[in-house]
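[1] Okay, predicted coordinates and the sequence, questions at the end:
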Amino acid sequence: MTRGGPIRGSRGRGVLALAALLLVAACAGGGGGGAAKERPSTSPARGTAATKTPDAGAGPVIEADPARLPATRKAALDLIGRVIADPESFGPGVVERRPYESDPATWPVLGADCVWRQEKPASSVLATLTRSFEVPAARGKGPIRLSAVMTVHRTREDARWEMAESIEETMRCPTQQLRKGELIGSMISTSLMRGEGDQNNSEDALTEAGEYRSSVLGGPHPYLWQQAQALQFTVAVTGKGAKGRAEKEIDDLTSQGQAVMLTRLGSAVAKQS
């Protein structure tokens, strides 16, 4: 799965930074929390933080050609097919994992019980798709399981709300069940708007690092999730570790996959000279 979901509306830098600080504090003091993402964030209703008035003052990171932005589900699915990561996006050694693609008529939603389920996408979503990958086990090391998600929202504000709601989900559910036999927890979250730190390739970027436990692969193992928003789009990558796999190895893979998608997105929708 790809934890993720959609967000609605734009949200100000101060609200997002405050939510991130609260989240880090909660994780540091709670000792067992965690949030998982493999899709874009998808709450059916906006929570307390998400109801803050978004700040749309900052301009988009991509100077888009309006004629190249999808306005229908068909156009959105076509764009996703050109942008979403494939095995080559991560580098050598990454292969497709079955099932390779999710049902585009569903997306993950985090329930009140902190369990992820597949439900109908929110009305703000034109299209969404998740792909699954794997670095196979080798030489005493377990497999690294990867996923990539791209979601096309109807508006830039909808995409920004998805980012906001992702933080709320982590605060609400410090431990989450990705699917039967898979849990994540002990999460530390970082949020960077464009221009903060070295974050200049998206309007908003979220990163979560924590522990992954599996009835098949054991644990705890490193868990990483990255999600970025540009215009009306969100892209996310998840990496789940296994025996003998270092966090840096997973971080390199997730960062590479997300960077490729953001580059492809810019090429697909930017104004052409």
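    Alright, I've got the coordinates. The structure displayed is predicted, hence computed values, not measured ones. Numbers count the residues shown, from 1 in each chain.
[2] which residues of the protein fall in strands?
    Listed in chain order, the strands of the chain (DSSP state E) span 95-101, 107-110, 116-119, 125-135, 144-153, 176-179, 182-193, 204-214, 218-230, 233-240.
[3] Would you list the strands that the third one pairs with, along with their directions?
    According to DSSP bridges, strand 116-119 forms sheet pairs with strand 107-110 (antiparallel).
[4] repeat for the last one
    Here the strand partners of strand 233-240, with direction, are listed using DSSP bridges: strand 144-153 (antiparallel), strand 218-230 (antiparallel).
[5] Now residue 201: closest residue in space, sequence neighbours ignored.
    Closest residue to residue 201 apart from its sequence neighbours, by Cβ to Cβ, 6 or more residues apart in numbering: residue 262 at 5.2 Å. Any C-beta I mention is one placed from the backbone N, CA and C, and that applies to glycine too.
[6] need the contact list for the one you found.
    Applying Cβ atoms under 8 Å, 6 or more residues apart in numbering to residue 262 gives the contacts 201-202, 228, 230, 235.
[7] and if you look at residue 106?
    By Cβ under 8 Å, 6+ apart, residue 106 lies in contact with 118-121.
[8] With residue 214 instead?
    For residue 214, counting by Cβ under 8 Å, 6+ apart, the contacting residues are 181-183, 221, 240, 242.
[9] Out of these, give me the one that has the most neighbours.
    The residue in those with the most neighbours, by other Cβ atoms under 10 Å, is residue 240 (28 neighbours).
[10] distance of that residue from residue 246?
    Taking Cβ to Cβ, to the nearest Å as the measure, residue 240 falls 13 Å from residue 246.
[11] Tell me the one of the contacts of residue 106 nearest residue 212?
    Using Cβ to Cβ, the shortest approach to residue 212 within these belongs to residue 118, at 20.0 Å.
[12] And the residue lying closest to that closest one once chain neighbours are set aside, its phi and psi?
    Distances taken as Cβ to Cβ, 6+ apart put residue 106 closest to residue 118, at 4.2 Å, once the chain neighbours are dropped. Summarising the backbone geometry of residue 106 under the convention degrees, to the nearest 10, its torsions are phi -130, psi 160.
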